[in-house]
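> Pasting the sequence and the predicted coordinates here, then a few questions.
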Amino acid sequence: MKMARWSVMIMVAVAGSVVGAAVRQDDFFVEGSVYCDTCRAGFVTNASTPIAGAKVRLECRHFMSNKDAVERSAEGVTDGAGRYRIELEDNRGSEEECAVVLVSSPVAGCTEKEPGRDRADVDLVEDAGLATPVRRANPIGFLTDHPLPICEELININ
C-alpha cells in the first residue's frame, strides 16, 4: 500500500514538473472578456451580453515607437462566456506597451468598433507587485446596431 502511494506521489510530481516546464518564467497570460454593448453606452450594463467566438489580439510595441508599430502580437478567441486567455511568451519588461484590441465579432448586428473603446491596455511588467503571471484586461465591447428598448431606463436611473 505504501509503495502504491509513493508511486502516485512521484507520478504527480513528475507530471507537475512537465506541465510547469511548458510555461517559462517570463511568460504572461492576459485574460479578459468581450461583450455586445446592447445599449451603445460605451460600458458594460445589465443588458450587455457576452460574445462567444469573438476574435481579439494582444498587440505589443516598444514604448518609444510609433503607436502603429506593433512589434509582436498574439491572437485569441472568446469561449462560450465571452472570455479569452492569451499567452504572451518572452516578456520584454517595461520597454513594452501592450493592449488587447477587438478584431471581429460573429454576432450579426453587433460588429461596430468604437475608436478608443475597442482596446484595453495591459501592464505586463514583472515588478508590478503582482505575484502571478496572469494579467486582467478591462472588458471590451462591440456596439449593437440598434439599442434595446430597456436601455434608456437602465442608463437614466437617478
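Yep, that arrived.
> following the lowest-mean-pLDDT helix or strand in the chain, which helix or strand comes up?
Lowest by mean pLDDT, DSSP states H and E among the helices and strands of the chain is helix 2-22, with a mean of 46. Beyond helix 2-22 in the direction of the C-terminus, DSSP states H and E gives the next helix or strand as strand 28-37.
> Give the pairing partners of that following strand; include direction for each.
Using DSSP bridges, strand 28-37 pairs in its sheet with strand 49-50 (antiparallel), strand 83-88 (antiparallel), strand 134-136 (parallel), strand 140-143 (parallel).
> so which of these is the most packed in?
strand 140-143 (a mean of 25; mean count of other CB atoms under 10 Å). No exception for glycine: its C-beta is placed from N, CA and C like everyone else's.
> Restricting to C-alpha, output that one in PDB.
Taking C-alpha atoms only, strand 140-143 is exported to PDB below (Å, rounded to 0.1, in the frame of the first residue of the first chain):
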ATOM      1  CA  ILE A 140     -14.100  45.500 -24.300                       C
ATOM      2  CA  GLY A 141     -17.200  45.500 -26.500                       C
ATOM      3  CA  PHE A 142     -18.700  45.800 -29.900                       C
ATOM      4  CA  LEU A 143     -21.600  48.200 -30.400                       C
END
